[in-house]
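In: Give the three-dimensional model of this entry:
(one chain, ligands or ions: 4)
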Amino acid sequence: GNTPDREELLVADATSVDEPIPGAPGPVTHGIPVVGAAYADGLALSQAGSTAFVEVLPAETRTDHNVIAELPGSNPDNVVMAGAHLDSVNEGPGINDNGSGSAAILETALMMANSKPENTLRFGWWAAEEQGLVGSADYVAGLPEAERNRIALYMNYDMVGSPNYIQMVYDADQSTFPAPVAIPEGSTAIEDLYESYYTAIAEPYDDTEFSGRSDYEAFILAGIPSSGLFTGAEEIKTEEQAAIWGGTAGEAFDPDYHAAGDTIGNVDPRALEVNSDLIAFAMLTFAYSTETVNG
Ligand code: PHE
Ligand code: ZN
Ligand code: ZN
Ligand code: ZN
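Out: Ligands and ions are numbered 1, 2, ... in the order given. Model prediction:
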């Protein structure tokens, strides 16, 4: 069950209700223990010796699966990979985050299913991204070194149809995980491909940093060139961005990010269309050559 237990603890030296109480058990949100709302029984929590109560959600264990699909090319030793997380948060159905990226790579896979490309194409629908990039990290960790070396590049698609979107490309020059991490050489070639496509169809784009908030992380840390597309989550659209992309300044790129409202109505069809075409274009391009990435 998922009913919170009420646990009592003595406040030894709490200074603020917002501060986690050292040693306090907490509710488990998405597998990550956090200290829950503490409230005093008539006494201020700032007062040593007062009693606080925390709501404790019992831990849950669930099984989730990555879904991996591969289309053999003429060259089995040069694998081009695209991925999108298939899970969502408990709070909502997760259609923009991340039905959008999952559907886009599925469409690409179906489009290419009857072809025999030069390179081997591999698609990953990741499990448990929202629990801390669990599926993609497990996948990369489970690859023997020889298997990792066969992967020429990885393209990540997490939120590609945000309702108040801007078009962003992961920038090979910007990374924080939270410490700065060196992005593998070759990532620039993927970034350049996306950007030249947007330019060719007269779509504006901007760079976004590799923040470690999505499934590219394990690939980059393994030295596999990576990039991807992103149309924005909880960040607020500026006046300048609204002048370029339209939409509403002062509102989040996705006002229903991680919320019950992330339904089929929460996807901008134009952004999804443009990005799905680009996602297919990038896979098709690298299916025939990864020379720009490999040097
Ligand atoms: N990975 C985040 C999520 O699934 C979305 C995100 C992607 C946020 C990239 C910032 C940068 O919720
Ligand atoms: Zn999410
Ligand atoms: Zn996501
Ligand atoms: Zn760029």
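
In: Residue numbers of this protein in contact with ligand 4?
Out: Within the chain, the positions adjacent to ligand 4 are 171, 191, 207 by CB under 5 Å from the ion. The C-beta positions use only the backbone N, C-alpha and C, and glycine is treated the same way.

In: helix, strand or coil for the second one?
Out: The local conformation at Glu191, judged by DSSP: H, G, I helix; E, B strand; the rest coil, is helix.

In: In this structure it contacts Leu229, no?
Out: No: using CB atoms under 8 Å as the test, Glu191 is too far from Leu229 to be in contact (10.2 Å).

In: pLDDT score assigned to the closest residue to Asp206 other than its chain neighbours?
Out: Nearest residue to Asp206 in three dimensions, chain neighbours excluded: Met168, at 5.4 Å (CB to CB, 6 or more residues apart in numbering). Turning to Met168, the model gives it a pLDDT of 98.

In: In the beta-sheet assignment, what are the partners of Met168?
Out: In this entry, Met168 is beta-bridged to Asp206, Phe230, by DSSP bridges.

In: any chance you could map the helices in the stretch 101-250 of the chain?
Out: Applying DSSP state H, counting those that start in this stretch to the stretch 101-250 of the chain gives helices spanning 134-141, 145-150, 187-200, 216-221, 239-245.

In: need those in a markdown table with mean pLDDT, can you?
Out: Formatted as a markdown table, the helices of the stretch 101-250 of the chain follow (pLDDT from 0 to 100):
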| stretch | mean pLDDT |
| --- | --- |
| helix 134-141 | 97 |
| helix 145-150 | 96 |
| helix 187-200 | 98 |
| helix 216-221 | 97 |
| helix 239-245 | 98 |
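
In: Now distance to Thr61 too, for the ones you listed, in a markdown table please.
Out: Listed next are these as a markdown table, based on distance: least, CB to CB, whole Å:
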| stretch | distance to Thr61 |
| --- | --- |
| helix 134-141 | 12 |
| helix 145-150 | 28 |
| helix 187-200 | 36 |
| helix 216-221 | 22 |
| helix 239-245 | 42 |
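
In: For ligand 1, find the nearest of those.
Out: Of all the helices of the stretch 101-250 of the chain, helix 216-221 sits nearest to ligand 1, with 8.9 Å by CB to the nearest ligand atom.

In: check whether that closest one contacts ligand 3.
Out: No: among the residues of helix 216-221, none lie within reach of ligand 3 under CB under 5 Å from the ion; the closest is 11.6 Å away.

In: Briefly note if that helix comes near ligand 1.
Out: No: contact of helix 216-221 with ligand 1 (CB under 6 Å from any ligand atom) is absent, the minimum separation being 8.9 Å.

In: Deepest in the core, which of the helices of the stretch 101-250 of the chain is it.
Out: Highest mean neighbour count of these: helix 216-221, a mean of 23 (counted as mean count of other CB atoms under 10 Å).

In: what's next to that helix, contact-wise?
Out: 81, 133, 136-137, 139-141, 151, 154, 156, 170, 175, 177, 181, 183-184, 187, 210, 226-228 (CB atoms under 8 Å, 6 or more residues apart in numbering).

In: List only buried entries from those residues.
Out: Neighbour-count burial (16 or more other CB atoms under 10 Å) applied to these gives 81, 133, 136-137, 139-140, 151, 154, 156, 170, 175, 183-184, 187, 210, 226-228.

In: Let's see which of those residues end up in strands.
Out: 81, 151, 154, 156, 170, 175, 210, 226-228 (DSSP state E).

In: Columns distance to Trp125 on top of those residues, output as JSON lines?
Out: As requested, these are exported to JSON lines (distance: CB to CB, whole Å):
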{"residue": "Met81", "distance to Trp125": "12"}
{"residue": "Ile151", "distance to Trp125": "16"}
{"residue": "Tyr154", "distance to Trp125": "14"}
{"residue": "Asn156", "distance to Trp125": "12"}
{"residue": "Tyr170", "distance to Trp125": "19"}
{"residue": "Ser175", "distance to Trp125": "25"}
{"residue": "Phe210", "distance to Trp125": "21"}
{"residue": "Ser226", "distance to Trp125": "17"}
{"residue": "Ser227", "distance to Trp125": "19"}
{"residue": "Gly228", "distance to Trp125": "15"}
